[in-house]
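> Following is a predicted model, sequence given first.
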Protein chains: 2
Amino acid sequence: MRILVDMDDVLADFDAEFLKRWRARHPEKMYVPLEERTIFYVKESYPQDLQPLVSEIYLEPGFFREMMPVDGGVEAVKTMQQMGLEIFFCTSPLYVYKNCVLEKYEWVEHHFGAEWVNRIILTRDKTLVKGDILIDDKPIITGVESTPMWEHILYDRPYNRDVNRKRLTWQNWKQVLGM
Amino acid sequence: MRILVDMDDVLADFDAEFLKRWRARHPEKMYVPLEERTIFYVKESYPQDLQPLVSEIYLEPGFFREMMPVDGGVEAVKTMQQMGLEIFFCTSPLYVYKNCVLEKYEWVEHHFGAEWVNRIILTRDKTLVKGDILIDDKPIITGVESTPMWEHILYDRPYNRDVNRKRLTWQNWKQVLGM
C-alpha cells in the first residue's frame, strides 16, 4: 500500500507558524484563531486590506523551513514505513515558489533525515501521482485526471469540517486506516 | 495524450554548461567531448581524482539556472501544447538538492513563462507519474512501480546509443511521435 502524504498543515504546521509570526509582527491587528477558520486558504480568511500583510509573512525566507511539525505526524509517518507501507510526500509549492520549494526539501531532511528527501514529490497537480491513499487537508483536490488513482482521506482541520469524507488525525490514523 | 518531458539534457543543456565551465576553469585538464561520452553521469565519465572538481561545478549556484536550452526543445514543447498535447515537466533533483531545486523552477519560468511553472513535477521516482509518454535521455528508468504508466521514448544522446529503444530528437520528434 502506497500512502501519499501532504505536507502543509498535515505534517508541517503552516497555520501555527503563520499565527505566531502574525501576532508577533502585528499585535494590534485582528487575527483568526485556527478553530474559527472556515476557509482553506489563510489569506482569504482575512479582510482584503490585510491580505498583503498576510502573504508577506508566509512568503518570507525561513517560513517554510521553520514550521514546527504537526503533533504526532513525523512519528506516524515513520511508524507507517516501519509497518511496511510505502510513503511519499506529495506537496504543492506556492505560485510564488521562491522560498518554499527549497525549504520544503530542507524541512523533510531536518525532520525525517536525508534519505527521506528522495520521497518528495513536488507537483501542483496531485491527480497525476499514483498511490492508494492521499492524506491531505485540502477539501477538494482536482487536476487533469478526473479519476485519481488514490482515495483522498481528509486530514482533519477546522476549515474542512463541512466536507463529508473519511478523515483522520495523527491520533487516530491507525484506526481509520484499519491498521 | 499526456507527454512527460525530462529537463536535464533534454530541454536544458546540462552537458554544454558543464563543458563550458570545466574548460574555462580547468583549461589545463583533460575533458571528455560530448560525442565521446559513453556514460550517463558526467561525473562517472571522468577519472576518480577529477570527480570532486566535476561535481563542484554542477553543484555551484547558478549552474542549473544558467543552462542554455537544448536546440529546438522549447519550441517543440510549445508546439506540442498548441497541438493539444498535455505537457508536464518531469524532472529529478540531484541528491545535493540545494541549488538545483529552485533553479529548475526559475529555468522553466525564464524559458517558458510563469504559467508553465505549474507543469513542473519534481520527483526522484518517475514511475509514480501517470502519462502516456516520457521523453528522457536516461537509458533505464526505474522506481517503485515496475510497470510505469508511460512509454519511455529516449531523447537521443551520445551516451545512450547502446540502448535499443524508440528515440527522438527535437529535430525529428513529429515523425517519431506520428504527429
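Cool, the structure landed. Numbering: from 1, shown residues only, chains lettered A, B, ... in the order given.
> CA only for contacts and neighbour counts going forward, please
Fine.
> So what touches stretch A:116-132?
Counting by Cα atoms under 8 Å, 6 or more residues apart in numbering or on different chains, the neighbours of stretch A:116-132 from elsewhere in the structure are A:1-4, A:87-93, A:105, A:108-109, A:141-151, B:95, B:118-125, B:128-131.
> mind checking how far it is from the chain centre?
Counting by Cα atoms, centre = their mean, to the nearest Å, stretch A:116-132 is centred 13 Å from the centre of its parent chain.
> Next: stretch A:123-143.
When distances are taken as Cα atoms, centre = their mean, stretch A:123-143 is centred 12 Å away from the chain's centroid.
> And that stretch, what's buried?
Neighbour-count burial for stretch A:123-143, counted by 16 or more other Cα atoms under 10 Å in any protein chain shown, picks out A:123-131, A:133-139.
> Likewise for stretch A:22-31?
Applying a neighbour-count criterion of 16+ other Cα under 10 Å, the buried positions in stretch A:22-31 are residue A:22.
> pull the CA atoms of it into CSV?
Output for stretch A:22-31, consisting of C-alpha atoms alone and laid out as CSV, is shown next (Å, rounded to 0.1, in the frame of the first residue of the first chain):
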residue,chain,number,x,y,z
TRP,A,22,1.3,37.4,12.6
ARG,A,23,0.6,38.1,16.2
ALA,A,24,4.3,39.0,17.0
ARG,A,25,4.5,41.3,14.0
HIS,A,26,1.0,42.9,14.1
PRO,A,27,0.0,42.6,17.8
GLU,A,28,-2.6,45.5,17.3
LYS,A,29,-4.3,43.8,14.4
MET,A,30,-7.1,41.2,14.4
TYR,A,31,-6.4,37.6,13.9
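> what residues does that stretch touch?
Here stretch A:22-31 has contacts from A:19, A:46, A:54, A:57, using Cα under 8 Å, 6+ apart.
> of all the residues in chain A, which ones are close to chain B?
Remark: the part of chain A in contact with chain B comprises A:95, A:97-98, A:101-102, A:105, A:118-125, A:128-131, using Cα under 8 Å from any Cα of the partner chain.
> Domain-wise, how is chain A divided?
A:2-13+A:67-177, A:14-59 (automatic domain parsing).
> and residue A:135, that's in a helix?
No. Secondary structure of residue A:135, determined by DSSP: H, G, I helix; E, B strand; the rest coil: strand, with no helix assignment.
> and the spatially most central residue of chain A, backbone torsions?
The structure's chain A has its C-alpha centroid closest to residue A:8; by Cα atoms, centre = their mean the separation is 2.1 Å. The main-chain torsion angles of residue A:8 are listed as degrees, to the nearest 10 and equal phi -70, psi 120.
> again, but for residue A:2
Recorded main-chain torsions at residue A:2 are phi -110, psi 130, according to degrees, to the nearest 10.
> Isn't it up against residue A:133?
Yes. With contacts defined as Cα atoms under 8 Å, residue A:2 counts as touching residue A:133 at a distance of 6.7 Å.
> hmm, back to that, of the residues of chain A next to chain B, which belong to helices?
If you go by DSSP state H, those have A:101-102, A:105 in helices.
> wait, what's in contact with the residue nearest to the centre of chain A?
Shown in contact with residue A:8 (Cα under 8 Å, 6+ apart): A:14, A:91.
> so what's residue A:50 scoring on pLDDT?
Listed pLDDT for residue A:50 reads 98.
> That one: neighbouring residues, count only.
Residue A:50: 14 surrounding residues under other Cα atoms under 10 Å in any protein chain shown.
> so is it in a helix, a strand, or just coil?
The three-state label for residue A:50, taken from three-state DSSP, comes out as helix.
> Relative to residue A:84, how far out is residue A:105?
23 Å (Cα to Cα, to the nearest Å).
> Who has more neighbours out of the two?
In terms of neighbours (other Cα under 10 Å), residue A:105 is the more surrounded of residue A:105 and residue A:84; the figures are 22 against 10.
> Next one, pLDDT for that one please.
Reported pLDDT at residue A:105 in the predicted model: 98.
> That one: what's its closest spatial neighbour, skipping adjacent residues?
Distances taken as Cα to Cα, 6 or more residues apart in numbering or on different chains place residue A:117 nearest to residue A:105, at 6.3 Å, with adjacent residues excluded.
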